[in-house]
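Peer 1: I would like the atomic coordinates for the input below:
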Amino acid sequence: MKKQIIFILTAIFILLSIDFLSGKRSSFVLPMGGDDVSFKYAYGDIYKKLYKKKFKGGDFVYSSQRQYFSDYEEFSVKKPDDTIRIIFIGGSFTYDWAGHITLPVDLIPGKKLEIINAGMPGYDSYRVEIIAKEMMSYDPDLVVLISGNNEYFNQQGINLTAYYFNEFLARFSFYRNFKKSIMFNNKKINEENIDQLQLIYLNYEKNIKSIVANANKNDVPIVLSTLPLNFSGSLVDVPEPVDSQFIQGKIYLDDGNYAEAIDVFNGYINDHPGDMLGYYFLGRAHEKNNDHVEAKNNYSLAKNLMAVADTSNTKKNEIVKKIAKEEGAGLLDLEEIFTKSAQNGLTGKEQFRDHCHVWKEYFPVMDKALIKTILQNNDIYSKLFDSNTVKKKLEDYAFNVKLPTFKDIAENHMNWERITFHAVINSIQANNRFSERSLLCFETLFLMDPASLWNIQYSEKSMKNLLSQDPYSRSTVLPNNKFSQNWYRVLCHVGEAYRRMHKYEEALAYFDLSVDFNQDDYSPYLSRALTYYSLDKKQKAKSDIEKALLCKDTNVNEVNLYKEILGL
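Peer 2: Modelled structure (predicted):
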């Protein structure tokens, strides 16, 4: 036993030393993993090169060695003399855009544009920086950087040697107890001394600056891009407060009493400064009340409090603008482009297919904006074109812009499928009674094709088949019969979407279906009570409130607040 203790103490000392010498103070000495697949994607593989060199068809090419996505194209190790190689780096926004690029291959006479898509879905700026260092060795003529939606990792990076050593030591109970003690003390220190939001912004700025510095060092021109912001449809899924003011504000908002909702939410924010949900719903109340300036201001405040989320915000975009100005890099301001394209400057369902990804119909607009940025910064990117003839052709291309309409987007039936896909996943995985993202997706589907929303009730099998084609869904939503067991939550979300659109008969039909699937969840009873209340059927509303109180795992305080406020 004595030898075992000495071994463990020695191992811990070595582990501490490894972490200290690595200099990665952003990662604690005892890194935490999740399931093997998630850990490998988030940490284990980030230091592994995206591409490897192999011999194919009589030539050496770079081929993707990451197995997560299948559509990373190969490209020649030796770049042809007539090729302009443009590499896109970033997260899923970049991956989507570069994967659907519409730039003509022969846009520059005598040259061929070669687009390398190095976007990695879910990657934050730290991980993108690692990719960027690799990409500089592939002879790029231009790098386009779009990053900022994924700054939510608890640890930017970890010492993999320490991690695997830690996994080995975790077999010993003495070490597991020691680890719990250390993690508890470290958590207390972090809570006392670190402003999490500020740390995220500092790390983000450091990582973007590092990418630009590395590009400059390698004499590679770089374009920095802000991210478009979905003001009305990006609310992160966090627990809603069980608070009488907050609930009263939502009731006023649902019933169309917008002025009253604004007053109540203002009072709530005064009592709870810095509350993300308060600002978000205040923004929605202002939008419904046609005060678009105040709506945007409050949506922006909510987004800036969502730094630890899968969406960018104005603060991150300001950092990008500042770095572009300081470093003399071209700036592609997608935030401004999309804000100007939106009615009243409020971006939402007409521009975005989910909380942060735009409809693919906007990619040609982005392609032309990129070329316009290059033209407007001729002194930086002059080597990409060397004649007035080329410049004229680029101008003709870049300045001939047609924005898509929501009608254009709605006419693409694939978009119905995309938005239903996101709505279903968010419904099943919602941490609250309802996912605001899911509800907005269902409302958008209704605007595209009302019949498609109504027919969700018949689509359980087809939706399961659709989700089975997606790697993320296969590992999260489908295992252990989770999808079928939670289908009632999808039905309940559809009912809530109808209720908020004041389509009460449709809402009641879906709440009934949800209850038929699962009588133990209080959400459909409570929402059905609110629907009956709006129809002035107070006795039925009271009956459903009482049923909600009897449900398993009901939130008694929440239901009782609704009961009290509604006078039931």
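Peer 1: For the stretch 151-300 of the chain, give me the ranges with low pLDDT.
Peer 2: Scanning the stretch 151-300 of the chain with the threshold set as pLDDT under 70 gives 154-194.
Peer 1: Show me the strands in it, by range?
Peer 2: Using DSSP state E, counting those that start in this stretch, the strands of the stretch 151-300 of the chain run over 222-226.
Peer 1: Who are the contact partners of the closest residue to Asn297 other than its chain neighbours?
Peer 2: Once flanking residues are discounted, Asn297 sits nearest to Gly283: 7.6 Å by CB to CB, 6 or more residues apart in numbering. Heads up, the C-betas are built off the backbone N, CA and C, glycines and all. Listed by CB atoms under 8 Å, 6 or more residues apart in numbering, the contact partners of Gly283 are Phe231, Ser232, Glu294, Ala295, Lys296, Asn297, Asn298, Tyr299, Leu301, Ala302.
Peer 1: and the nearest residue in space to the third one that is not next to it in sequence, how many neighbours?
Peer 2: Using CB to CB, 6+ apart and skipping residues adjacent in sequence, the residue nearest Glu294 is His286, 4.2 Å away. Residues near His286, counting by other CB atoms under 10 Å, number 23.
Peer 1: Test my guess that His286 contacts Ala259.
Peer 2: No - using CB atoms under 8 Å, His286 is not in contact with Ala259, being 10.2 Å away.
Peer 1: Next, format the contacts of Gly283 as CSV and append distance to Gln429.
Peer 2: Compiled in CSV, the contacts of Gly283 are given as follows (distance: CB to CB, whole Å):
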residue, distance to Gln429
Phe231, 23
Ser232, 21
Glu294, 32
Ala295, 28
Lys296, 29
Asn297, 30
Asn298, 26
Tyr299, 23
Leu301, 26
Ala302, 21
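Peer 1: Closest one to Glu350 out of those residues, please.
Peer 2: Using CB to CB, Ser232 comes nearest to Glu350 of the contacts of Gly283, at 10.0 Å.
Peer 1: and the closest residue to that closest one other than its chain neighbours, how far is that from Ala342?
Peer 2: Excluding its sequence neighbours, the residue lying closest to Ser232 (CB to CB, 6+ apart) is Gly348, at 3.8 Å. Distance of Gly348 to Ala342, given as CB to CB, to the nearest Å: 7 Å.
Peer 1: Grab the nearest non-local neighbour of Phe265.
Peer 2: Leu282 (3.9 Å).
Peer 1: what residues are up against the one you found?
Peer 2: Neighbours of Leu282 in contact, by CB under 8 Å, 6+ apart: Gly249, Ile262, Phe265, Asn266, Ile269, Asn298.
Peer 1: Centre of the chain to the helix or strand harbouring Phe442, how far?
Peer 2: Take DSSP states H and E as the rule and Phe442 turns out to sit in helix 436-448. Its chain's C-alpha centre and that of helix 436-448 lie 17 Å apart, by CA atoms, centre = their mean, to the nearest Å.
Peer 1: Ok, stretch 416-434 next?
Peer 2: So, by CA atoms, centre = their mean, the centroid of stretch 416-434 is 14 Å from its chain's centroid.
Peer 1: cool, and stretch 485-493?
Peer 2: 23 Å.
Peer 1: what number of residues lie near the nearest residue to Lys250 once chain neighbours are set aside?
Peer 2: Computed as CB to CB, 6+ apart, the closest residue to Lys250 that is not its neighbour in sequence is Phe281, at 6.6 Å. When counting by other CB under 10 Å, one arrives at 26 neighbours for Phe281.
Peer 1: Please tell me how far Phe281 sits from Met448.
Peer 2: Distance from Phe281 to Met448, by CB to CB: 25 Å.
Peer 1: Equivalent analysis for Asp520, please.
Peer 2: For Asp520 relative to Met448 (CB to CB), the value is 33 Å.
Peer 1: Show me which of those two is the more surrounded one.
Peer 2: In this view Asp520 and Met448 are compared by other CB under 10 Å, and Met448 has more residues nearby, 21 against 11.
Peer 1: Quick check: next helix or strand after the helix or strand containing Val365?
Peer 2: In the assignment (DSSP H and E), Val365 maps to helix 363-376. Tracing the chain past helix 363-376, the next element assigned as helix or strand by DSSP H and E is helix 378-381.
Peer 1: in that next one, what counts as buried?
Peer 2: Judged by neighbour count (16 or more other CB atoms under 10 Å), helix 378-381 contains these buried residues: Ile380, Tyr381.
Peer 1: Nearest to Lys56 among the contacts of Gly283?
Peer 2: For the contacts of Gly283, the minimum distance to Lys56 (CB to CB) is 46.3 Å, reached by Phe231.
Peer 1: can you tell me which residues contact the closest one?
Peer 2: Gly283, Ala295, Lys296, Tyr299, Ser300, Lys303, Leu346, Thr347, Gly348 are the contacts of Phe231 under CB under 8 Å, 6+ apart.
Peer 1: ok, now with 7 Å
Peer 2: Lys296, Tyr299, Leu346, Thr347, Gly348 (CB atoms under 7 Å, 6 or more residues apart in numbering).
Peer 1: quick one: the closest residue to it other than its chain neighbours from Lys552, how far?
Peer 2: Sequence neighbours aside, Tyr299 is the residue nearest to Phe231 in space, at 4.0 Å (criterion: CB to CB, 6+ apart). Counting by CB to CB, the separation of Tyr299 from Lys552 is 36 Å.
Peer 1: which of the two has more neighbours?
Peer 2: Tyr299 (29 against 9).
Peer 1: how is the chain carved up into domains?
Peer 2: Here the domain parsing of the chain from automatic domain parsing is 2-41+155-198, 244-304.
Peer 1: contacts for stretch 332-339?
Peer 2: Contacts for stretch 332-339 (CB under 7 Å, 6+ apart): 223, 225-229, 317, 345, 347, 351, 366, 369-370, 373.
Peer 1: brain fart, stretch 517-524
Peer 2: 433, 487-488, 491-492, 495, 511, 514-515, 548, 551-552, 554, 559.
Peer 1: CA atoms only for that stretch, dumped as CSV, please.
Peer 2: As requested, the backbone C-alpha atoms of stretch 517-524 are provided in CSV (Å, rounded to 0.1, in the frame of the first residue of the first chain):
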residue,chain,number,x,y,z
PHE,A,517,-48.0,10.7,-26.1
ASN,A,518,-47.0,11.6,-22.5
GLN,A,519,-49.3,12.4,-19.6
ASP,A,520,-46.4,13.0,-17.2
ASP,A,521,-45.0,16.2,-18.6
TYR,A,522,-46.6,19.4,-17.3
SER,A,523,-45.6,21.6,-20.3
PRO,A,524,-48.5,20.8,-22.7
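Peer 1: chain center to it, what's the gap?
Peer 2: 29 Å.
Peer 1: before we move on, what about stretch 290-300?
Peer 2: Per CA atoms, centre = their mean, the centroid offset for stretch 290-300 relative to its chain is 22 Å.
Peer 1: Tell me which residues touch the closest residue to Met366 other than its chain neighbours, please.
Peer 2: Excluding the flanking residues, the one nearest Met366 by CB to CB, 6+ apart is Trp97, at 6.1 Å. By CB under 7 Å, 6+ apart, Trp97 lies in contact with Phe88, Phe363, Met366.
Peer 1: Neighbour-wise, give me the winner out of those residues.
Peer 2: Taking other CB under 10 Å as the neighbour criterion, Phe88 ranks highest of the contacts of Trp97 with 25 neighbours.
Peer 1: If that one is in a bridge, with which residues?
Peer 2: Asn117, Val144 (DSSP bridges).
Peer 1: any idea how far Pro364 is from Glu417?
Peer 2: 21 Å.
Peer 1: Who has more neighbours out of these two?
Peer 2: When Pro364 and Glu417 are compared for neighbours, Pro364 comes out ahead with 17 against 14, by other CB under 10 Å.
Peer 1: my guess is the more buried one contacts Ile101, does it?
Peer 2: No - look at Pro364 against Ile101 with CB atoms under 7 Å: they stay out of range, at 9.2 Å.
Peer 1: And Val143, how close does it get to Asp516?
Peer 2: Taking CB to CB, one finds Val143 at 55 Å from Asp516.
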